[in-house]
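In: Here is the input, now give the coordinates:
(one chain, ligands or ions: 1)
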Amino acid sequence: MTRFNTQLVHGLPVGDNNTGAVNPPIYNSTTYAFEKVDAMPRYDYARSGNPTRDFLEQQIAQLEQGTRGFAFASGLAAIHAVLSIFKPGDRIVVGDNIYGGSYSQLNEFFTRWGILVEAVDTQDIAALEAAVKGDRANGIVPAQAVYFETLTNPLLKVNDVRAISTVAHRFGALSIVDNTFVTPYLQKPLALGADVVIHSATKYLAGHSDVNAGLVVVSGEDLASRVYFAQNRLGGVLAPAECDAVRRGIQTLALRMDRQQENANAIARYLLVHPLVKAVHYPGLPGAGDQRLAAKGLKGAGGVLSFEVVPGVDPADVLNNLHLFRLAVSLGAVESLAELPCRMTHFELPREERLKIGITDELVRLAVGIEDANDLIEDLGQAFDIAYARYIDRHADFDVFQQLTSGGVCLI
Ligand code: PLP
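Out: Residues are numbered from 1 along each chain as shown. Take a look at the predicted model:
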C-alpha cells in the first residue's frame, strides 16, 4: 500500500478514463444514457453520482481511512447531511467551543426539528460522560451522538478524539468529529475511534480561498448508506468543477501544512515575547506541546493561532494596519489572514457566552499562510507599533507609565 504523501497526489482511480490523462476528467453531464430500459447504468443522474465527485470522495475516504466519503457544496451542507440522520427526540452532546455556523445550525435549525442539543466542555471527560449518559430518572435519555472539533476555534484547545469516542461508545452514541483545523495529514479521527469525520474543505483541503466545499467520511456500511441517503435526498452535492478544485488542493496539502506550521510556530514564538501581547494560544508552542499533541493523536498543531493584546491596546489598531495579513474570516489557505473573533467569526455568540468560553474582546486570530515568516512577523511588528502609538495618543492626558505598569506590562 502507498504512503499518505503519495495517496495525496494520486488518490484512487475511478477506472473510467481510457485517455491516458494524468488528471481525472471533469464530467459536467447531469444525466447519463441507459443502454436499455432495464439496464441501470453505473451513473444515471449527477445528484446521485458523478465520476469527478467519486474521485474526490474516494480520495478523502482513503486519506481518512474510512469506508466511504461524500462531497458537499459547503462544510455546513456536510454537517447538515450528517446531523439529518438523527430524529426528533434524539440528544446530541456538542463541544461548547465549536464553529459559530455549526453552533447556529444545531441550536437554531435542528432544535426546531426536535433534536435536543446540550453543550459541554469536551475536554472535561467527567462532564462529557455525565452529559452523554443523561438522566433517565428525569427523562433525559442517553445521547445519540457527541459532536466536536479536533481543535477548538479560536482558542485552539486540543480535543482528545480517542477519549471522547470511548465515552460516546460506552453509552451507544456516535462520535462525530469536525477535522477541518488539522486534516488527515495531522490526525485521522476514524483510526482513533470516531465514527464520522467532517471537513469544511473550503479551508486546508482546497487551500486557496477559491472554493466552498464540505467532505464527510464514515466508518461502516450502515452509516455510509444513511449519509448517502441524506446526500442524495437533501441534494447539497459538490459540483464537478469544485470537486476537481478540492482534488487538486489535496495534492499539495502536506507541503502547504508543513510551511504553515513552520510559520505559525515562528509567529507564536515572536508573539510570546512581544510586550503588547498578553497571551498566545497555540498548541504547538515550545515545551511540552509536542508531547501533549502526540498523546492526543496529533502530529502537529496546524496553522491557526490566536493571541490577546494587553489591556488598553485596541486590537482593531493592530488588525486595521496589517498589510500582508488580509483582514478576513476563514483559514487554511496559502495566504495569511487575520481577524477579530468577537466582531467577525464569533459575533453571533452573545458576549456573556463568548466570555464564558474565553473569547475576549482583545482576542485576535491568525490563519497563517505559506509566505516568508520574516515578512509576516515584520507585518505584525509594524502594526503593533502603530497600535502602541495610538494607545499613547489616546492616553496623552494620563500618566502613561502608570497605566502600562498597572496592566502588568513594561514597554521599556
Ligand atoms: N467547520 C469549521 C471548523 C469551520 O471553521 C467552518 C467554517 O468556517 C465550517 C465548518 C463551515 O464550513 P463552510 O464555510 O465550508 O460551510
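In: Contacts only, for the residue of the chain found nearest the ligand.
Out: Nearest to the ligand, among the residues of the chain, is residue 75, at 2.3 Å (CB to the nearest ligand atom). Using the backbone N, CA and C atoms, a C-beta is placed for each residue, glycine as well. Residue 75 is in contact with 101, 178, 180, 198-203, 212-214, counting by CB atoms under 8 Å, 6 or more residues apart in numbering.
In: Would you mind putting the CA coordinates of the biggest helix by length in the chain into CSV?
Out: Counting residues, the longest helix found in the chain (DSSP state H) is helix 373-394. Extracted in CSV, the C-alpha atoms of helix 373-394 (Å, rounded to 0.1, in the frame of the first residue of the first chain):
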residue,chain,number,x,y,z
ALA,A,373,7.7,34.0,8.1
ASN,A,374,10.0,37.0,8.4
ASP,A,375,7.7,39.1,6.2
LEU,A,376,4.7,38.1,8.3
ILE,A,377,6.5,38.9,11.5
GLU,A,378,7.6,42.3,10.2
ASP,A,379,4.0,43.0,9.2
LEU,A,380,2.8,42.2,12.7
GLY,A,381,5.6,44.3,14.1
GLN,A,382,4.8,47.5,12.2
ALA,A,383,1.1,47.1,13.1
PHE,A,384,1.9,46.7,16.8
ASP,A,385,4.0,49.9,16.6
ILE,A,386,1.0,51.8,15.2
ALA,A,387,-1.3,50.3,17.8
TYR,A,388,1.1,51.4,20.5
ALA,A,389,1.4,54.9,19.1
ARG,A,390,-2.5,55.1,19.1
TYR,A,391,-2.5,53.9,22.6
ILE,A,392,-0.1,56.7,23.6
ASP,A,393,-2.3,59.3,21.7
ARG,A,394,-5.5,58.1,23.4
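In: elements contacting it?
Out: On a contact count with 3 or more CB pairs under 8 Å, 6 or more residues apart in numbering; DSSP states H and E, helix 373-394 meets helix 253-272, helix 315-319.
In: ok, residues contacting the helix or strand immediately after the longest one in the chain?
Out: Right, the one you point to is helix 253-272. Next in sequence after helix 253-272, counting helices and strands by DSSP states H and E, comes strand 277-281. With contacts defined as CB under 8 Å, 6+ apart, strand 277-281 is touched by 154-156, 268, 271-272, 305-311, 362, 408-409.
In: Quick check: of these, which lies closest to residue 48?
Out: Nearest to residue 48, judged by CB to CB, of the contacts of strand 277-281 is residue 154 at 38.1 Å.
In: quick one: contacts for that closest one?
Out: Residue 154 neighbours (CB under 8 Å, 6+ apart): 281, 304, 306, 341, 345-346, 359, 363, 365.
In: List the ones among those that fall in strands.
Out: 281, 304, 306, 363, 365 (DSSP state E).
In: which of these count as buried?
Out: Among the ones in strands among the contacts of residue 154, those scoring as buried are 281, 304, 306, 363, 365 (criterion: 16 or more other CB atoms under 10 Å).
In: circling back: please name the nearest non-neighbouring residue to the residue of the chain closest to the ligand.
Out: residue 200 (2.8 Å; CB to CB, 6 or more residues apart in numbering).
In: In contact with that neighbour: list those residues for me.
Out: Neighbouring residues of residue 200 by CB under 8 Å, 6+ apart: 74-76, 78, 99, 178, 180, 213-214.
In: switch the cut-off to 6 Å
Out: By CB atoms under 6 Å, 6 or more residues apart in numbering, the contact set of residue 200 is 75, 180, 214.
In: Then residue 160?
Out: residue 296.
In: try 10 Å this time
Out: Taking CB atoms under 10 Å, 6 or more residues apart in numbering, we find residue 160 in contact with 122-123, 125, 148, 150, 166-167, 192, 292, 295-298.
In: do residue 114 as well
Out: 86-90.
In: count of neighbours near residue 73?
Out: Using other CB atoms under 10 Å, residue 73 has 16 neighbouring residues.
In: From residue 345, how far out is it?
Out: 21 Å (CB to CB, to the nearest Å).
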